[in-house]
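1. Sequence unavailable; structure follows:
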DNA sequence: TTAATTCGGTACCGATCGGTGCCGAACCAG
DNA sequence: CTGGTTCGGCACCGATCGGTACCGAATTAA
């Protein structure tokens, strides 16, 4: 959009871009990148193809923006978990969030970052790689947080922050697959609790 | 195919159907149901569209047969794990198999049963539901095996076979997602080992 | 040989894919 | 008002989708 003195010129947009993006998130979440056609997307967003292209660029960019919106919305539990005071609470909140968002009524089961695109043909490679990087970024954030926990004595000195991070992400991804397949929230909460039984005790009795 | 006195009549097939199916498995595994086009499939199988339709029916049936072949081939570790003498060995073999097959060089990373179709548009619903059922079947087999383990005193009397089964499948699915994203075999072996730390001790000191 | 059957290749089907050209409508600055 | 800009709707693009009609080639039974 072009601006003159911080004010947009030309005909104003006839729809709320954020609201439309939220609808797109749900479609990508439920049907994956390749499985979501432009007709599916624009139909759910309530706008025409032309409006979508003007506002979001193309399907790839729409997916990127949808993933960002998903990260700030349904997947905000990740950022929330990272701010917990202890490593154990980080881990507990992370898995609880994965179960909660993955089995939230009214939204697709599972996680957009997993089922959005795991395997894809030529046209979906970009989305697939984007999501793989997204998951790795999550692992990196957890790992950094657990490094700090080791430094603070919140985790035993011998702990492997990278392993703990990948372990949690692996369980969370498995929870997403299970949720996409229809596993119940109760079942997955029990699974999450079981996965946390191995969590190392606090080093300094915290 | 029509037969007369146990012998096929008409022109004989010019390719090995099992070999072609193996190639199709690799394509579905790497690209998913919707991401694998008929040109991709027949190109890899080395046959024409017509031959594929004649030998396998259509894309859906080809996928079904590919899944069966995958179950008997790369995923045969599941059946192998179920025959282990103790519940702990079942669990260990199951996760080791998930890591091994998911990170086997020369084959796509991850698991066909997971990435073949987690989320899909209209045309991929059949494949998605088929795979969800396939995974649930795996859970059921594990659960039955662990029920027996409880009966045999191989697991503590208070154990929940259903929870143990879903826990293992969840971790295995997470391993598949991680492998599809490029996680290394070493990393995932450590994750699998960590997941097994929670495994209940044998009830009668086995 | 003749009849019956299946195989495999070509060429095609209608439908859908992601993406775009065009043009009137709606807004701004002057 | 005029000129400039963006928006949104329609119609359309070439490419690809899964699937098939047709026909000669290859085989068996008789």
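-> Received it, and whenever you're ready, just let me know what you need. The structure presented is a predicted model; accordingly, all values stated were derived computationally and were not measured.
2. by contact count, what packs against the longest helix seen in chain A?
-> Counting by DSSP state H, the longest helix found in chain A is helix A:125-151. If you count contacts as 3 or more CB pairs under 8 Å, 6 or more residues apart in numbering or on different chains; DSSP states H and E, helix A:125-151 packs onto helix A:17-35, helix A:59-72, helix A:76-82, helix A:87-102, helix A:112-115, helix A:161-180, helix B:161-180. (Each C-beta comes from the backbone N, C-alpha and C, glycine too.)
3. can you redo those helices as TSV with mean neighbour count?
-> Listed next are these as TSV, based on neighbours: other CB atoms under 10 Å in any protein chain shown:
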stretch	mean neighbour count
helix A:17-35	22
helix A:59-72	19
helix A:76-82	16
helix A:87-102	22
helix A:112-115	29
helix A:161-180	26
helix B:161-180	26
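4. got a markdown table for those helices, with distance to DNA strand D too?
-> Shown next, in a markdown table, are these (distance: least, CB to the nearest atom of the strand, whole Å):
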| stretch | distance to DNA strand D |
| --- | --- |
| helix A:17-35 | 9 |
| helix A:59-72 | 13 |
| helix A:76-82 | 28 |
| helix A:87-102 | 29 |
| helix A:112-115 | 19 |
| helix A:161-180 | 22 |
| helix B:161-180 | 20 |
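5. Let me know which of those helices is the nearest to residue B:74.
-> helix B:161-180 (11.5 Å; CB to CB).
6. Could you list the domains of chain A?
-> A:15-66, A:74-198 (automatic domain parsing).
7. can you list those in JSON lines and add mean pLDDT and distance to DNA strand C?
-> Shown next, in JSON lines, are the domains of chain A (pLDDT from 0 to 100; distance: least, CB to the nearest atom of the strand, whole Å):
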{"stretch": "domain A:15-66", "mean pLDDT": "97", "distance to DNA strand C": "3"}
{"stretch": "domain A:74-198", "mean pLDDT": "97", "distance to DNA strand C": "7"}
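8. Same list (those domains) but as TSV, adding distance to residue B:34.
-> As requested, those are exported to TSV (distance: least, CB to CB, whole Å):
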stretch	distance to residue B:34
domain A:15-66	5
domain A:74-198	8
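9. circling back to that earlier point, the longest helix of chain A and DNA strand D, are they touching?
-> No: Helix A:125-151 lies out of reach of DNA strand D by CB under 7 Å from any atom of the strand, never closer than 13.1 Å.
10. Report the inter-axis angle for that helix versus helix B:17-35.
-> Angle of helix A:125-151 versus helix B:17-35, following axes from the mean of the first three to the mean of the last three CA atoms, to 10 degrees, is 80 degrees.
11. Show me what counts as buried in helix A:125-151.
-> Using 16 or more other CB atoms under 10 Å in any protein chain shown as the test for burial, helix A:125-151 gives A:126-128, A:130-132, A:134-136, A:138-139, A:141-143, A:145-147, A:149-150.
12. how far does it sit from the chain's center?
-> Centre-to-centre, helix A:125-151 and its host chain are 11 Å apart (CA atoms, centre = their mean, to the nearest Å).
13. could you give the angle of that helix to helix A:59-72?
-> Put simply, helix A:125-151 runs at 30 degrees to helix A:59-72, going by the same axes, to 10 degrees.
14. what's the distance between residue A:146 and chain B?
-> 13 Å (CB to the nearest CB, to the nearest Å).
15. likewise residue A:140?
-> From residue A:140 across to chain B, the span is 13 Å (CB to the nearest CB).
16. does residue A:116 really touch residue A:64, like I thought?
-> No: in this structure, residue A:116 is not within contact of residue A:64 by CB atoms under 8 Å, at 11.0 Å.
17. Find the helix or strand that residue A:54 is a member of.
-> Secondary structure assigned from DSSP states H and E places residue A:54 in helix A:49-56.
18. Residues touching that helix, excluding its own?
-> A:13-15, A:17, A:20-21, A:38, A:41-42, A:45, A:47, A:62, A:65 (CB atoms under 8 Å, 6 or more residues apart in numbering or on different chains).
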